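Visitor: A predicted structure for the sequence below; I have some questions about it.
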Number of protein chains: 2
Amino acid sequence: MVHTEKHFKSSDLVTDVVIGMSDGLTVPFALAAGLSGAVHDTHIIVIAGLAEVAAGSIAMGLGGYLAGKTEIDHYNSEQKREAWEVDNLPEKEKEEVREIFADMGMSPETQRQVVEEMARDKVKWIDFMMRYELGLEKPDAKRARNSAMNIGVSYIVGGLVPLSPYFFVTAPAEGLKFSCIITVICLFIFGFFKAKVTGQNPWAGAMRVTLIGSIAAAAAFFIAHLFTQ
Amino acid sequence: MVHTEKHFKSSDLVTDVVIGMSDGLTVPFALAAGLSGAVHDTHIIVIAGLAEVAAGSIAMGLGGYLAGKTEIDHYNSEQKREAWEVDNLPEKEKEEVREIFADMGMSPETQRQVVEEMARDKVKWIDFMMRYELGLEKPDAKRARNSAMNIGVSYIVGGLVPLSPYFFVTAPAEGLKFSCIITVICLFIFGFFKAKVTGQNPWAGAMRVTLIGSIAAAAAFFIAHLFTQ
């Protein structure tokens, strides 16, 4: 039991890290590529890149953290409302359950029986209404917030990959060359694992993430070049 | 009926635009603020800002578009698998339905009846399994893709707000001053409507979006300043 729990947690962390890194690679890579066609010194690319990584990771991490908190508040307030209705308007709620099973094509007899038996356990009744009437699954409070923070931190690590070559060379064109090579490789690897951990086809996912990163970089390069003329 | 449909569509567009703009304000604002503490000319801020807006909107729009497509593929393949099981392993699927209703606390008699009646309509049976066993709601194909594109385009419009002052002045500090004023006002307004259209408390949402944007900008400014020394 303890082992299963541990395994689950480590796998969640892997998911967050892979998502954060594959996303973190994209925009800093594109920004650095764009600036490479517009400036004559890598120093400004490093500064702009680090500023973007700081801003992006905060927007993603803190934004996700607060969104997770809001989602939980929303679930709790809806659940409270549903519990109030079950207590104070049981006939209306029973009618709603009946309609759901009527929609499923159940006979009036079965509808009546289901309603009657569901009404015996209020906790399960409320849970059913949350899930079926409102389409809300109970959000995992701690998970949502930790996840946002892990993704934010991984965004920083991912963002440092495309920027790293610019730390070591002074000619932007040279930095761009090395940045393209390592970032495309990393986009492919992290796109592969991102798709794998989110239950999609890994090869298609690798292609997708690589494609988005490359198109974004090409567009940024083109735009920046245009405004440098 | 036609009127309702129209109303629904226009409201979807409003949601996308508000989300795209409020997100688009954040990172370009922070990047420009960061560079304002590190460079002596607004020209480079404009170029970096536009490169970021191009990269960010492509990552968000194209990324969302492809993610929507993937989600639909995933739903369709799961549905196909579920349909195959219903056709070829009906007893196993019936047992799964029975277990779901046993978990709800239904009596064996009701479980048996529900299973029997559900098995009469395969379409509804498969739909129930998708929703209750797998927790998958049918994704709206066109909506997901259009939405991603609308958000991407709105990101561009939102991103131009914090950059606009830098087009008209040459001193970064002056650009930053005006950028802060108009962006904080816009973050507050769009945060308010973003929360409203996503069904959350609008005042809390306005505070949240403004806070994230401000912290991101302060962090970017600090980081960029640190590496300029």
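Guide: Yep, it's here.

Visitor: Please name the nearest non-neighbouring residue to residue A:61.
Guide: residue A:152 (2.0 Å; C-beta to C-beta, 6 or more residues apart in numbering or on different chains). Placement of C-beta: from N, CA and C, glycine included.

Visitor: Number of residues surrounding the residue lying closest to residue A:208 once chain neighbours are set aside?
Guide: Distance criterion C-beta to C-beta, 6+ apart; nearest residue to residue A:208, sequence neighbours excluded, is residue B:66 at 5.1 Å. Neighbourhood size, residue B:66 [other C-beta atoms under 10 Å in any protein chain shown]: 19.

Visitor: these two touch, right, residue B:66 and residue A:209?
Guide: No. Applying C-beta atoms under 8 Å as the test, residue B:66 and residue A:209 come out as separate, 9.1 Å apart.

Visitor: Give me the three-state assignment for the residue nearest to residue A:208.
Guide: helix (DSSP: H, G, I helix; E, B strand; the rest coil).

Visitor: ok, back up a step: pLDDT value on the residue nearest to residue A:61, please?
Guide: Per-residue pLDDT puts residue A:152 at 93.

Visitor: got it, and residue A:223?
Guide: Confidence at residue A:223, expressed as pLDDT, is 93.

Visitor: got the contact list for it?
Guide: By C-beta atoms under 8 Å, 6 or more residues apart in numbering or on different chains, the residues touching residue A:223 are A:34, B:50-51, B:54.

Visitor: Output the residues you listed as JSON lines; include the columns pLDDT, secondary structure and neighbour count.
Guide: As requested, the contacts of residue A:223 are exported to JSON lines (pLDDT from 0 to 100; DSSP: H, G, I helix; E, B strand; the rest coil; neighbours: other C-beta atoms under 10 Å in any protein chain shown):
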{"residue": "A:34", "pLDDT": "94", "secondary structure": "helix", "neighbour count": "31"}
{"residue": "B:50", "pLDDT": "95", "secondary structure": "helix", "neighbour count": "22"}
{"residue": "B:51", "pLDDT": "95", "secondary structure": "helix", "neighbour count": "34"}
{"residue": "B:54", "pLDDT": "94", "secondary structure": "helix", "neighbour count": "26"}
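
Visitor: Could you work out the most separated pair of those residues?
Guide: Farthest-apart pair in the contacts of residue A:223 is A:34 and B:50; separation 8.0 Å (C-beta to C-beta).

Visitor: which residues do the two both contact?
Guide: Common contacts of residue A:34 and residue B:50 (C-beta under 8 Å, 6+ apart): A:223-224.

Visitor: What is the burial count for residue A:214?
Guide: Neighbour number of residue A:214 under other C-beta under 10 Å is 19.

Visitor: To clarify, my last question referred to residue A:108.
Guide: For residue A:108, the neighbour count with other C-beta under 10 Å is 10.

Visitor: what about the closest residue to residue A:35 other than its chain neighbours, distance to residue B:109?
Guide: Closest residue in space to residue A:35, ignoring its immediate chain neighbours: residue A:45 at 4.7 Å, by C-beta to C-beta, 6+ apart. Distance from residue A:45 to residue B:109, counting by C-beta to C-beta, to the nearest Å: 72 Å.

Visitor: neighbour-wise, which of these two wins?
Guide: Per other C-beta under 10 Å, whichever of residue A:45 and residue B:109 has more neighbours is residue A:45, with 26 against 10.
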